[in-house]
Each structure stands twice: as C-alpha cells, then as structure tokens.
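**Q** 3D, please:
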Amino acid sequence: MKEERLKIAELIRMIRRQPLMYLTNYSIKEFCAFLAGFNCCKIIISESPEYKSNNDLTLSYFRDWVAEKYDVEGRHSWMSILLFFHINESHALDKFFELWDEFLTEHE
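**A** Predicted coordinates for the structure are as follows:
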C-alpha cells in the first residue's frame, strides 16, 4: 500500500479551516512553531529525502516572495516580516493566509 504524505500546502489548508483544532491561540507565532514541529517530525520519520527539500523549498520561496512584496532586504523570516507590518499576531496570521493564497495562485 502506497503511503500518502501530507504536504505543507495541504496542512496549511487544514489549519486555516479549523485553526484552534491545531493551535492553542490564533497566533502567527504558534502557527509558525506548529509548522516547524511538523516539518521536523516529517524529516525525522521520512524515508524519502525529497520530502524535506519539497516543503523547505515551498516555504523558502514563500519567504522570498513575502520579502519582495514588503520590500524587505536581508534574511528575515516570513513570520518576522508579517509581525513587523501588522498590528498583532492574529492579524499577521490572517495576512499570512491571504498572502499564501496569492502566492499559490501565482506559482501554480
């Protein structure tokens, strides 16, 4: 039986639908920590080396895209960029989901 691997885009879609099922607070910091933990777990248990590269590349491209959109230079994370430009953690998370949709539409 072929194992189905959950991709980062699918996970983000699931969290967006029911964020408090995955996060204790609706916060971009908790969301980012959840994604990091998910990626870490998948890398540790994965037998497939391409898993790491596919998800890391997607988030890396997203980071670069967000930095360009906000005209930010340097290697700031997408989370730190959104926190800097938005009023609080929950608003930054709302903006993340909005930007994620835009990013996926542009890169399909």
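
**Q** how distant is stretch 79-91 from the center of its chain?
**A** Here the centre of stretch 79-91 is set off from its chain's centre by 14 Å, with CA atoms, centre = their mean, to the nearest Å.

**Q** got the contact list for that stretch?
**A** Identification of contacts with stretch 79-91 by CB atoms under 8 Å, 6 or more residues apart in numbering yields 25-30, 32, 66-67, 70, 72, 76, 92-93, 95-96, 99. C-beta coordinates here come from the backbone N, C-alpha and C atoms, glycine included.

**Q** Quick one: mean pLDDT over it.
**A** Average pLDDT, stretch 79-91: 97.

**Q** And it, what's buried?
**A** Buried residues in stretch 79-91, counting neighbours by 16 or more other CB atoms under 10 Å, are found at 79-83, 86, 89.

**Q** One more: stretch 9-23?
**A** 11-12, 15-16, 19, 22-23.

**Q** How far does it stretch from one end to the other?
**A** Length of stretch 9-23, first residue to last, CA to CA, to the nearest Å: 17 Å.
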